[in-house]
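> fold the following for me, if possible:
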Amino acid sequence: MMKNLLKTIPVMALALLLGNACTNDDVPSGKVSIKYAKLVLKIGLPQGFQDVDSLVAFHVKVHNVSTGRDSSFTVPNITREAVTEGNPPTVTLDTLTIAEGLYNVELEAKAVYHSRLKTPCTVRGNLMNHTIVQNGADVASSVIVNLFSPNMDNGFVIAEIHAARTLRPSGDPYTGDQYFRITNNSDTVMYADGLFIGESAFQQMIHQDYKPYILDKETPLQYLTKVPGIHGKDKKYPVQPGASLIICDNAIDHTTADRNPNSFDLSKADWEWFDESTNPRVTDIDNPAVPNMERLYTYSRTIWGPHDRGFYAYVIGFLGVDTRTYLTDKAYQYDYSYRFVYGSTSKDMKFHAVKVPNTWILDAVVLAIKDMKKWNVISPTLDNGYAWFSEVDHDKNRYGKSVRRKYNSRTHKLIDTNDSQHDFETVKANPWYVFK
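Residues are numbered from 1 along each chain as shown. Down below sits the predicted model:
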């Protein structure tokens with residue numbers, strides 16, 4: 001059972017600051033003042049938190065989805081009510097006064113364990129697209145933000161994603177030079193045999209009430225490919241500490257005059273994904289000198305590439321079963337639907353994807369247009385933020401850009417907090433960039 005902390009800063013200050021922060025910026029000049037609502041903010045304590053003695057250094061971030069306005073507050077050692085038993089047990093932070101609207105709420109704190117042998121660790125909470133409206137002058141709505149412990153173990157991490165493509169000297173978009181860079185962020189040799197890359201089935205610009213909901217335990221994928229071999233058995237592809245792998249679309253020299261001098265030479269990539277197209281007019285390029293990935297699933301009837309405006313999430317990991325079992329066992333198939341309603345017409349829209357347990361995933365990066373993340377297309381335990389290379393939809397300046405993980409020159413490690421908004425930066429794409 002968690003113990004109460006000594007009160008050092010009144011939590012009601014959050015409400016006052018938040019209300020003031022929204023007052024001027026969310027109301028256009030000359031317009032009628034918007035309404036304010038009261039929100040009781042609670043945290044949920046899932047199973048596994050019974051050894052936590054206290055939660056300290058709370059950081060609360062409230063994002064107004066409609067205006068793009070962020071309000072952030074750090075309140076150390078805040079008082080919390082005694083734990084209220086339930087499923088899950090909850091702790092009430094306090095009541096916030098906030099402008100009506102659509103909001104995302106993020107929490108981060110340090111968990112201090114009862115045993116001094118355990119090092120305090122980061123815990124987070126995430127609530128997406130919650131509508132806050134006034135229920136009456138003195139009536140407050142209530143939300144519970146469940147806390148979780150992100151997995152931030154060192155190992156293989158996604159170091160860079162180039163999805164935006166490049167521009168030819170003529171100004172036309174060029175296709176075929178997209179890539180992923182994956183780095184061994186540990187201090188030991190790791191083996192890439194069986195390493196998979198997957199693209200989420202859900203995307204940022206379309207948010208529906210998909211059923212059945214599985215994101216808390218599994219991740220639906222619309223494209224899945226892997227390095228040849230079996231993880232834990234084969235050791236054909238060692239990766240030294242700090243070394244990287246380049247996995248790309250077409251492993252050729254794209255900089256030749258007949259292609260795109262503004263692109264990259266990917267002929268020395270480690271692997272390329274190759275798609276057998278069902279349309280003879282749309283075919284892939286295969287460099288026999290570079291090994292192909294093994295495609296496990298695709299939604300496309302032609303060729304695949306990561307979304308060039310950044311709508312999806314990408315995951316890497318290892319299958320927990322052999323390839324044959326994965327492809328034939330219904331446990332890894334995902335049939336889902338949502339109810340389409342337009343006027344008096346309604347229809348169940350049905351879809352299919354594959355899925356992997358979240359425990360198989362080593363790293364994940366959510367992509368979205370800047371300030372336009374609408375919902376969690378994967379579990380926030382995998383990535384609590386997002387990275388971006390487009391400032392607006394159809395951004396003409398996105399070409400040639402990538403998202404690259406930041407580097408800690410003190411530890412000589414890539415920064416990995418499972419929050420891509422903190423861990424990544426938007427840069428000029430370069431598959432051979434030297435971290436320093």
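> what's near enough to touch the residue nearest to residue 243 when sequence neighbours are not counted?
Excluding its sequence neighbours, the residue lying closest to residue 243 (C-beta to C-beta, 6 or more residues apart in numbering) is residue 184, at 5.6 Å. Any C-beta I mention is one placed from the backbone N, CA and C, and that applies to glycine too. Contacts for residue 184 (C-beta atoms under 8 Å, 6 or more residues apart in numbering) come out as 155, 156, 190, 239, 240, 241, 242, 243, 244.
> buried ones among those residues?
Buried subset of those (neighbour count, 16 or more other C-beta atoms under 10 Å): 155, 156, 190, 239, 244.
> save the residues you listed as CSV, and put in distance to residue 369 and secondary structure too.
Shown next, in CSV, are the buried ones among the contacts of residue 184 (distance: C-beta to C-beta, whole Å; DSSP: H, G, I helix; E, B strand; the rest coil):
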residue, distance to residue 369, secondary structure
155, 29, coil
156, 27, strand
190, 33, strand
239, 32, strand
244, 27, strand
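> and which of these is nearest residue 56?
residue 155 (28.4 Å; C-beta to C-beta).
> check the residue nearest the centre of the chain and give its pLDDT.
Here the mean C-alpha position of the chain is nearest to the C-alpha of residue 366 (C-alpha atoms, centre = their mean), at a distance of 2.8 Å. The model reports residue 366 with a pLDDT of 97.
> that one reaches residue 385, doesn't it?
Yes - using C-beta atoms under 8 Å, residue 366 is in contact with residue 385, at 6.9 Å.
> got any residues that touch both of the two?
With C-beta under 8 Å, 6+ apart as the test, residue 366 and residue 385 both reach residue 420.
> re earlier: mind putting the buried ones among the contacts of residue 184 in CSV, distance to residue 263 and pLDDT included?
Converted to CSV, these look like this (distance: C-beta to C-beta, whole Å; pLDDT from 0 to 100):
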residue, distance to residue 263, pLDDT
155, 30, 91
156, 26, 97
190, 30, 95
239, 25, 97
244, 19, 98
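> can you list those in JSON lines and add distance to residue 329?
Shown next, in JSON lines, are those (distance: C-beta to C-beta, whole Å):
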{"residue": "155", "distance to residue 329": "26"}
{"residue": "156", "distance to residue 329": "25"}
{"residue": "190", "distance to residue 329": "27"}
{"residue": "239", "distance to residue 329": "29"}
{"residue": "244", "distance to residue 329": "33"}
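> of these, closest to residue 354?
Once C-beta to C-beta is applied, the member of the buried ones among the contacts of residue 184 that ends up nearest residue 354 is residue 156, at 20.6 Å.
> how close does residue 167 get to residue 427?
According to C-beta to C-beta, to the nearest Å, residue 167 and residue 427 sit 16 Å apart.
> tally of neighbours for residue 115?
7 (other C-beta atoms under 10 Å).
> in what helix or strand does it lie?
Under DSSP states H and E, no helix or strand contains residue 115.
> that one touches residue 50, doesn't it?
No - the criterion here is C-beta under 8 Å, and residue 115 misses it with residue 50 at 11.9 Å.
> can you pull the contacts of residue 283?
By C-beta under 8 Å, 6+ apart, the neighbours of residue 283 are 277, 303.
> could you do residue 227 as well?
192, 193, 194, 195, 196, 237, 247, 271, 293, 294.
> tell me, how many residues neighbour the first one?
For residue 192, the count of nearby residues is 25 (other C-beta under 10 Å).
> ok so, going back, from the contacts of residue 227, which is closest to residue 92?
Closest to residue 92, out of all of those and judged by C-beta to C-beta, is residue 196, at 41.8 Å.
> where does the closest one land in three-state SS?
Following DSSP: H, G, I helix; E, B strand; the rest coil, residue 196 is assigned to strand.
> let me know the pLDDT of it.
98.
> residues near the closest residue in space to it that isn't next to it in sequence, how many?
What sits nearest to residue 196 in space, not counting adjacent residues and going by C-beta to C-beta, 6+ apart, is residue 226, at 3.9 Å. A total of 25 residues lie near residue 226 under the criterion other C-beta under 10 Å.
> angles on the backbone of residue 226, please.
phi -140, psi 160 (degrees, to the nearest 10).
> for residue 201, see how far away it is.
Residue 226 is 17 Å from residue 201, by C-beta to C-beta.
> how many neighbouring residues does the nearest residue in space to residue 266 that is not next to it in sequence have?
Nearest residue to residue 266 in three dimensions, chain neighbours excluded: residue 248, at 4.8 Å (C-beta to C-beta, 6+ apart). When neighbours are defined as other C-beta under 10 Å, residue 248 has 27 of them.
> give the contact list for residue 175.
165, 249, 305.
> please repeat the previous calculation with a cut-off of 7 Å.
Residues in contact with residue 175 (C-beta atoms under 7 Å, 6 or more residues apart in numbering) are residue 165.
> tell me where the protein has helices.
12-23, 323-328, 420-423 (DSSP state H).
> which of the contacts of residue 227 sits closest to residue 217?
residue 196 (17.8 Å).
> in contact with that closest one, which residues?
224, 225, 226, 316, 317, 318, 319.
> out of the residues you listed, which sit inside strands?
Members of the contacts of residue 196 lying in strands (criterion: DSSP state E): 224, 225, 226, 316, 317, 318.
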